[in-house]
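Enquirer: requesting a structural model of the entry that follows:
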Amino acid sequence: MRILGIVNFTLAICYLCVSLYHFFINSIDLYTNYLFPFLAFIFFLFGIEDVLKKETKPFNLYLLLSLVLFIGLGVELLKS
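Expert: Predicted coordinates:
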């Protein structure tokens, strides 16, 4: 579980650095083809980390959101 926390923290810092660079220093072409899968993967890992903590919740919002994003990406992939 410690490694998963380190991976989550590293991915979140990378995402934050790229977004800050995009908004304040230089505009980057952030294609949604790369942005949404990365965001869905981060939410999925956050959800797995919450499940491993064994906190009692009726549902895990991170896993639900990552599932919705992955379904949306799959639908767009099948359309093209």
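Enquirer: show me the shaky parts of this protein.
Expert: Counting by pLDDT under 70, the chain has low-confidence residues at 1, 30-32, 55-56, 58.
Enquirer: which residues are in contact with the lengthiest helix in the chain?
Expert: Longest helix in the chain by number of residues (criterion: DSSP state H): helix 32-53. Residues from elsewhere that reach helix 32-53, judged by C-beta atoms under 8 Å, 6 or more residues apart in numbering: 1, 4-5, 7-8, 11-12, 15, 57, 60-66, 69-70, 72-73. C-betas here are computed from N, CA, C, even on glycine.
Enquirer: now do the helices in this structure.
Expert: Listed in chain order, the helices found in the chain under DSSP H are 2-20, 32-53, 61-79.
Enquirer: any idea which of those is most buried?
Expert: Comparing the helices of the chain on average neighbours per residue, with mean count of other C-beta atoms under 10 Å, the densest one is helix 32-53 at a mean of 15.
Enquirer: so how far is it from its chain's centroid?
Expert: Relative to the mean C-alpha coordinate of its chain, helix 32-53 is positioned 3 Å out (C-alpha atoms, centre = their mean, to the nearest Å).
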